[in-house]
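> Give me the fold of what follows.
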Amino acid sequence: MKAYLANGLFSIGDRLLNDLLAKEIRQEIPEIELYLPQENDAINDKQAFANSLAIARADMEKLQDSDVLIAVLDGVEIDSGVAAEIGVFSTFNRPIIALFSDVRQLGRDNHDKISALIEDGTENQFVYRNLFVIGLIKKNGVIVSTVESAVENVKKYLKEEVR
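Here you go, the predicted structure:
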C-alpha cells in the first residue's frame, strides 16, 4: 500500500507533527510505503533550488501512485498546498483520511456556546473549514481528531484493500 501524507512543512510545528504522524504510521503499518514531501530533498531542501514545475511533477507523481491520502487540516486555515492535494486526490476516488485536531471542535453540544453564536455572530466559539474541501474529503473518506485515529483508519483501509 502506498500513502501520501499532506501537511504544511515550513514551520517547526508542522514538521514535528509530520514526523510524529509518519513515525506512528510506519511503526503500526510496516508494509506501507509512505511519501512525506518534507523528506524529498530533491524538491524541499530549501537551501537548494526546485522550481514550481519540478515540485508539481514530483508531488503529482506520488499522489497518482498513492492508494490513500492522509491530510492534516490544522492551522488558521487549511494549508493551500494541502487543499490542492486534497482536490487533486479526490478526482481519483480513493480514500482521504483527514486529521483535524483543533480543540475548538469540543463543546459542540454546549448550549451557551450555541446561544452566544446565535445572539452575536462575532461570538463564534467554533472553527471553520472550507466546506468544498470538507465535502471532497467526506466523499470518499473520513475526518478524525487524533493521530491514533488517523493511524487506525489507515489500517482499516489497508484491511479493506486486502479483501
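> Please count neighbours and contacts with C-alpha atoms only from this point.
Will do.
> what's the distance between the most centrally placed residue in the chain and residue 20?
With distances taken as C-alpha atoms, centre = their mean, residue 71 lies nearest the centre of the chain, 1.1 Å away. In this view, residue 71 and residue 20 are 14 Å apart by C-alpha to C-alpha, to the nearest Å.
> same deal with residue 33?
16 Å.
> host element of residue 86?
helix 80-90 (DSSP states H and E).
> I misspoke; the intended subject was residue 70.
strand 68-72.
> Next, the angle from that strand to helix 80-90.
If you take axes from the mean of the first three to the mean of the last three C-alpha atoms, to 10 degrees, strand 68-72 sits at 160 degrees to helix 80-90.
> Need the residues that contact strand 68-72.
Strand 68-72 is contacted by residues 2-7, 63, 78, 82, 86, 89, 94-100, 150, 154 when judged by C-alpha atoms under 8 Å, 6 or more residues apart in numbering.
> That one - what's its average pLDDT?
If you average the pLDDT over strand 68-72, you get 98.
> where's that strand relative to the chain centroid, distance-wise?
Strand 68-72 has its average C-alpha position 4 Å from the chain's average C-alpha position, going by C-alpha atoms, centre = their mean, to the nearest Å.
> So for stretch 103-123, mean pLDDT?
pLDDT averaged over stretch 103-123 gives 87.
> Could you measure from residue 17 over to residue 140?
24 Å.
> is it true that residue 21 touches residue 147?
Yes. Using C-alpha atoms under 8 Å, residue 21 is in contact with residue 147, at 6.4 Å.
> so what secondary structure elements neighbour the helix or strand bottoming out on mean pLDDT in the chain?
Least confident helix or strand, the chain: helix 41-44 with a mean of 76, by mean pLDDT, DSSP states H and E. On a contact count with 3 or more C-alpha pairs under 8 Å, 6 or more residues apart in numbering; DSSP states H and E, helix 41-44 meets helix 52-65.
> Flag every buried residue along the helix it packs on.
Across helix 52-65, burial judged by 16 or more other C-alpha atoms under 10 Å covers 59, 62-63.
> Name the next helix or strand following the helix or strand containing residue 134 along the chain.
Secondary-structure assignment from DSSP H and E places residue 134 in helix 131-140. On the C-terminal side of helix 131-140, the nearest following helix or strand under DSSP H and E is strand 142-144.
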